[in-house]
Structures are given as structure tokens and as C-alpha cells.
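Peer 1: Take this sequence and fold it.
(chains A and B)
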Amino acid sequence: MPSTAPEQLTATIREFLQRFQPFNRMEAEAITFLAAHLKLAHYPRGSEILTPEMGPPRCCHIVARGQIQSRQAGATAVTEHAMVPLGPGEAFPIGAIAAQRPSTNTYIAVEDSFIYQLAADDFLKLMLMSPVFHLFCTQYIADLLVQSRQQLQTTFSQRAAEQQTMITPLGELLKREPVFVSPNTRTRAALETMANLRIGCMVIADQERRPLGILTLSDILPRVVIPGFDLERPISALMTPNPRALPATASAYDATLEMAAHKFRHLLVVDHQERLLGVISERDLFSLQRISLRQVRATIEGASGVDTLQRASMDIRHLALNLVAQGIAAEQLTRFISSLNDALTRRIMELEIDRHELHDLEYAWLAFGSEGRHEQTLSTDQDNGLIYVCPEGTDKNTLKARLLKFAKDVNDSLAACGFPLCTGNIMASNPELCLTYDEWQRRFEDWIREPDPQALLNASIFFDFRVLAGNEQFGDTLRVWLNRAASKNSSFLMMMAGNALQVSPPLGRIRDFVVEDDGSIDLKKSGARLFVDVARILALRTEVSSSSTVQRLRQAGLRLGMPPEELSAIVDGFNFIQLLRLRSQHLNTEHGAPGDNKINPDKLNEIDRRILKEALRQARKLQLRLKLDYQL
Amino acid sequence: MNWLTRMLFNRTDLSSLNTGLRDALAHWHSLAQPELGKPHFETRYVVLNTETSGFNADRDALLNVAGIAIESGVLVPASSYAAELMPDAATTLMNLLTFCGRGPAVLFNAALNRSMLERGLEKHLGVALDLPTIDLYWLLPALFPEHNNRPVKLSYWVDLFGVETFKRQHALGDAFAIAQLMLIAKSRAIQKGLASAQNLIDLEQTHRQWVRP
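Peer 2: Have a look, this model is predicted:
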């Protein structure tokens, strides 16, 4: 009995599909279903098959013949295939269709192409029907992540190449022959030359071209206009003598440092005989490279006052935002932000210690909360405190009064550099938080012994302490003591656990996410904090000394015998939420703006949405563990 | 229903047909004519093909018929039909008619295919085939004059465009190839601004007149 026409055609399609992965491994029932539900379309060369603007794709495409090019739509979108052309047997867009979201890529036929189409509904049915196909789609989405990570690495090496430009010798950066005049030149003539050539500074040099002085545009108002300087007098009476000069062999980086350290806008470049070769302006260096990590760091370390640090903190912000835009991983990014912020805070401390003449002080400056955990995002309030030692024979009250004044100045300087004062007054200038070692220990002890709600809240902030400046020994000793005290007190840990479980992950039973009234999810409150709170308890319990959430999870998890792959999944989940927070702050750079940690899941692309869901599932898993451990 | 159909309908003895076939036939007759001015996307094209014992319409017999639908611009394998005429030609042809509806039909070398089909339909069902027809034999040279502006064998186009099918010289196998050629033709037609079945029919007529003299 010959088969029907649809059966014959389906058999043909099935034979075609079985030449390719994953169809050749698919269950017989599933492949028959697939073949029977395919339709065949033709796309002439150059035509668009699918674009993000088309909305959620109505069907999944499997290339029968021809070639398709996929192109990423946005610069920061997660890459799907990058620019690899798709040939026969390849399917797209798996991620978008599985999540019923618009494709992030545009697909164009680069040859006349025949393409099989499977309606979206049938695609989802197939995923349910076929474990092989389901696995394929899941792995496919995971592969996308690997691909996007590889892309990041490419971006990184590009950045490294950009950094290279900062070691360019200054001699190669000079754009024009130096313009200079002799010291006897009438001021009027010199100024006319500046105006005609539209230059920002004039060099005064001797007959051997050795620089004697410099005059910049910014000097003209205070030195010429206001005092009514006689323009017939020689320019030597007006110039800044002994101008800063660097050899032509010095690097752009050296010049940047020199300018940052002395607040110059222009630097002279000279040859080995000290003869003028040209002038480098701040703008020349700026156009060379915007801001680099090393530069910012160098600027911080060489800063002589708060105003330089203020600029540096802006640079940190810009640099961080750039890196967010480039898609660097959250763990590195938050580490990077906190390392620069640490350097900045340390520099402020050094400057203030100088000013307050506290060189002999034995102290440790503590960071609490997210700063203590190395998890600063771009809008973090100050949370700090001080441990100090009162030397014998010193009046404690007098010393404390001095320290509070010092701490107040540090707090204010930090505020000037973009770390808002803590509204809850968790700052070293608060007498309650400027304590000796023994006082700190007693305080911690009280919270552990009597864990009322306020004590639990305090523990969740202060137990994440970290020494940012001063003697780290104080921090280490305090940590060892705290871990021992807390790990022994299981009723305290149980109270902490109960507290941590009060907020559950915003995952819905029916809808993907449980959102707030404005349709958003608070990634801090009902995202990151879920991980942070559990990690703290696990760390106290297993006496892990790190204050970082990732380290706490990894080390405590290992001690508790959690499988490594499970731990990695949890850490990845946490990191992803942190990345989303940074990204949403990237779009909302207004400091402390209420929308800072909120994200609307509907506005995420399909891959981010899926990962967020997975990340929140990891939080749920972590909480479940805590629930079981403490029978809550 | 035109006068010819009516005449043939009246003349043929349909009493031998069973009730099912008679109902199906009556239903087919009642179908509305297709609107040929609609865009391709809204037109259901039926690609038809036959297999005969030879190439002489008068002498040779119709052995097999096959059809594949193009709906909403894409080839739908699930919407296809193929059958042998033996042993029950009336049922086979009625099923084909039901599958076709009112077309428009797409054939390759319509002259031969059509006359074989017409003969069978007339003999067994008393129907004169009056589907609007697009003949790729003529349409392809009109759309792709850069390749060949004269009508040529099916294998030329199949090879040229690298069209694949499971079996050549087979009613359904060739129908599958012809349907794919129709998709290619439709893509080109759209690029040329020929948006409807009527546009294709007109182009084919113009080309016939141009080639013939």
C-alpha cells in the first residue's frame, strides 16, 4: 500500500533533517512530528528573514539550502552566532523562540535560500516532547553565554592595545613645530602671534631654543587684563619662569602623571640638550586615550588635595560605566570599583592624617555593608567606622574628640568625592562607631547574645566589615574572634537564618516573575540580598574569614560539602544579578536615584530574562538549604 | 459554472457515481471562483502534476496525479495529495478536485498535463477543468530571461536552481520540485512588482505571444 502524499513528503524532510545535529539524535516520534509540521519558504538573496522589530518570532527557521547571515542588533546585546553564517541544517533563533521574545539579531539571506519553518507553538510542543531537542536548546543558550564571554575577552585585548598608546613617546605626539619668542619680545607682539595661530600657550626661549618661560591663555586675565599690564614691556616680565619640561623619550603616561600632579594643562617637550621640541597639551593626551585604570590609580596616589580626588572619582565612575557598557563580568567589575575606591579612601585618610597630625595613631578604618563585601556598585553610601588604640598615658576623651574631628573630615571628603554621607549615620564620625578594639568586641558580643531585631539588622551590616586603611591586624583578630563566637551560638545563627528567609525570590508560579506595582523587581532587596544574607550565615557558621559574598559562598560551600558545580551555579547567579544592577545604574547614573536597583523584567532581552530567572532559582535553592539546615 | 461545464455536466452519465462522490462534486461546483487580484500571500496556489504512460494525450493513459499547496506564501507539505488512477479513477480525481478547490493551479508544461487531466475529469466526473492556470514552462523564462528566455525542460530549471526532490519522473516528486520552482518564481515576481496571480498569468500570456512568432 503506497503511502499518502504528506507521508512521502514528510519522509523526504525527515531524511534531510537526519543529516544534521541534533535531529539525527532525536526520538523517532519527535522527528516525525517535526517533519510533519514544517513548511518551506524561499528567501531571495538580500532579503530579511527575521529582525528584532518583528517582535516575538512566529516560527523557528531551519535552513534547507542557501546561507543566512545573522547580525547583532545592539552593541551590547548578547551575541547569537556573531557573524558566522548559517548553512543547511542550522536553526534560528533558538533563544528568542524558546523565550517567546523578539530576536536580538537580524537574519538576512546572503544567498537565495530555502528555509523550513516550524510554527512557534509547534516548537514549544517539540521541546516538551523531545528531551534531546530540549537539551539541545538549553545547551544552545548556554553556548551563547560562552560566546558572549569570548567576545568580552576580545574587547579586553582591544582595550589592552589601547593602553599601549599611553606608552607612546612624547616626541611622536608633537603635531607642529614649536612656536616661541625671545624674552625681549614686546608682549603685544607675542599675544598677537598667539591670537593669529590660535594657540593656548606661548613658549619663551633663548637663542639656543632652551625654554625660559611659558605664558598660557589662562594667565592673561590675572596678569595682563586686571593689573593693566603695559603691552609694550617685554614678555619676560610676564611669563612663568622655569616651565616644566619632559624629554621627548618620556611617555604619554608620564606626561599625564606630571599634569595631574601639578595641575598643568601644558607641558614642554625638549631634546637631550634641553632644546624645545614642542608643546603637549592636556587635550592631546586626552584624545589619545580617555581614561585608563592605571591612570586613575596614579592620579589618586599622586593627589595632593580633595579636588584632584574628586576628579579621580568621576574618572572611576566613567571608567566603570564604560566597562559596564562593554559587558565586563560583575565580579571583576565590583572588585575593580572597590579597589579604586579603596585607593581613593586611603589617599583621603593619608591627607587627613597629615592635616590632623595623627601620624602616631594606631588605627584601622573599617568599611561595612556592601563596601565591606567588595560589592560596591556605582551608588553606594558611606558605611564606615574606626578602631583605635588609646596609648597608655593618653587621655581617652581628648584623643577620641580629636579622632571624631578627623573622622568627620574624612567623611566629608568622601562625600565630596561622590560617596554620599550615610543617612543612618553609620560613619566613623559617629561616636558610637569610633571605638577601641575591646569596645567593638563587646558590642558584637552583645548582638550575638541578645539577637533582637535591631541586633540582627546591625549584624547584617557590621559583620561584613573589612579593614580599608590602617592596621589590618585589628580586623583579622576581630574576625577570628567573631567567627568563633558566632559559630558556637547556634540560636543566634538560627535567628539570622529566620531573618534571611523573610524575603523570598520574586519568582511566580504562573508568571515568570512577581513584580512590584510599577512592574519592576528590586534587584537589591529581592535579588542580591538573598545571596548576601545566606552567605553571611554560612561564613559565620564555617568560620570563613572573607567578607566577600562570592568568597563566602565558595569557601563555606566547600566546607559544607556542597557540590562544586552547584556552588558555581549559585555564584554565577549572584554575579549576574550584580551585573544587572550595575547595568541599570549605568542607564540611571543619577546618584542615589530611586530607580537605581530596579529593573523591569519585560524590558530585558530574552537571554537576560532567562538567566535572571535561573539566578533567582539559585537564590531559592540557597534559601531552601538554609531552611532545611535550621528546620525553619 | 460556464455553459461548457453545464453542457458536459448534463451530458455525462453520473448515475454510476456513488452518493459521496456526487455530493463532493456538487460541493466543488458550488465553490466561488478565486480572486486572482489578491496578493500571493493571500492566494492558495495548487501545484499539480501528472504521470502518464506516454507523451501523447490522445493515446496514452493518465496513471498518477499529485498536488501540493502553497499557502500564505510557503509550501505546505502537509497539504498535498497524490494517488493512482487505478482502480478507482473517479474517487482519485474527485479527491484531487477537492484538494484543488478553485485554484489557481500551477503546472509545468500545462498543455500536456492539462489535457490529460481534462480528459480524465471529463470522462469520470463529467467536469471540464476551468481552473485559472499558471504554466511555469512559460513563466520561468519570462521571469528569468537572463538564464533562458525560451521554454525548456523541467530538468533545466531544476538543475539551474539546485532544486532537490526525492524522486524525478514521479508525479509527487516532480510536483515537489515544481512547487519549489514556484516559490523561486514568486520571490522574483515580487521583486519585479508582480504581486498577484493575475499579474503572473498576464506576464505568461505576454511572453507566449512574444516567443511564438
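Peer 1: Would you report the backbone torsion angles of residue A:204?
Peer 2: The phi and psi torsions at residue A:204 (degrees, to the nearest 10) take the values phi -110, psi 120.
Peer 1: So the nearest residue to it once chain neighbours are set aside, which state does it fall into?
Peer 2: Spatial nearest neighbour of residue A:204, chain neighbours left out: residue A:213 (4.3 Å); criterion: Cβ to Cβ, 6 or more residues apart in numbering or on different chains. Placement of C-beta: from N, CA and C, glycine included. Classification of residue A:213 using DSSP: H, G, I helix; E, B strand; the rest coil returns strand.
Peer 1: Please give me every residue in contact with residue A:213.
Peer 2: For residue A:213, the contact set (Cβ atoms under 8 Å, 6 or more residues apart in numbering or on different chains) comprises A:183, A:203-204, A:235-236, A:239-243.
Peer 1: State the number of residues packed around residue A:354.
Peer 2: As a burial measure, residue A:354 scores 10 neighbours (other Cβ atoms under 10 Å in any protein chain shown).
Peer 1: Same check on the one 5 residues further on?
Peer 2: The local packing of residue A:359 (other Cβ under 10 Å) involves 7 other residues.
Peer 1: cool, and residue A:487?
Peer 2: Counted with other Cβ under 10 Å, the neighbours of residue A:487 add up to 16.
Peer 1: Tell me the first helix or strand C-terminal of the helix or strand encompassing it.
Peer 2: If you go by DSSP states H and E, residue A:487 is part of helix A:472-488. Per DSSP H and E, the first helix or strand lying C-terminal to helix A:472-488 is helix A:490-500.
Peer 1: Next secondary structure element downstream of that following helix?
Peer 2: Once the chain leaves helix A:490-500, the next helix or strand it forms, by DSSP H and E, is strand A:521-522.
Peer 1: Show me what that following strand is packed up against.
Peer 2: Applying 3 or more Cβ pairs under 8 Å, 6 or more residues apart in numbering or on different chains; DSSP states H and E, one finds that strand A:521-522 makes contact with strand A:598-599.
Peer 1: next helix or strand past the strand it packs on?
Peer 2: Next element after strand A:598-599 (DSSP H and E): helix A:606-629.
Peer 1: and that following helix, which residues are buried?
Peer 2: Across helix A:606-629, burial judged by 16 or more other Cβ atoms under 10 Å in any protein chain shown covers A:606-613, A:615-616, A:618-619, A:622-623, A:625-626, A:629.
Peer 1: got the CA positions of it in CSV?
Peer 2: Extracted as CSV, the C-alpha positions of helix A:606-629 are listed here (Å, rounded to 0.1, in the frame of the first residue of the first chain):
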residue,chain,number,x,y,z
GLU,A,606,15.2,37.1,26.2
ILE,A,607,18.5,35.6,27.3
ASP,A,608,19.0,38.0,30.2
ARG,A,609,15.4,37.2,31.2
ARG,A,610,16.1,33.5,31.3
ILE,A,611,19.3,34.0,33.1
LEU,A,612,17.7,36.2,35.7
LYS,A,613,15.1,33.6,36.3
GLU,A,614,17.7,31.0,36.7
ALA,A,615,19.7,33.2,39.0
LEU,A,616,16.7,33.7,41.2
ARG,A,617,16.1,30.0,41.2
GLN,A,618,19.6,29.6,42.6
ALA,A,619,18.7,32.0,45.3
ARG,A,620,15.7,29.9,46.1
LYS,A,621,17.9,26.8,46.2
LEU,A,622,20.3,28.6,48.6
GLN,A,623,17.4,29.6,50.9
LEU,A,624,16.0,26.1,50.8
ARG,A,625,19.2,24.8,52.1
LEU,A,626,19.1,27.2,54.9
LYS,A,627,15.5,26.3,55.7
LEU,A,628,16.5,22.6,55.9
ASP,A,629,19.6,23.2,57.9
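Peer 1: ok, and what's touching it?
Peer 2: By Cβ under 8 Å, 6+ apart, helix A:606-629 touches A:78, A:95-96, A:98-102, A:104, A:141, A:144-145, A:497, A:500-501, A:504-507, A:512-513, A:527, A:530-531, A:534, A:537, A:562, A:566, A:569-570, A:572-574, A:576-577, A:580, A:601, A:604, A:632.
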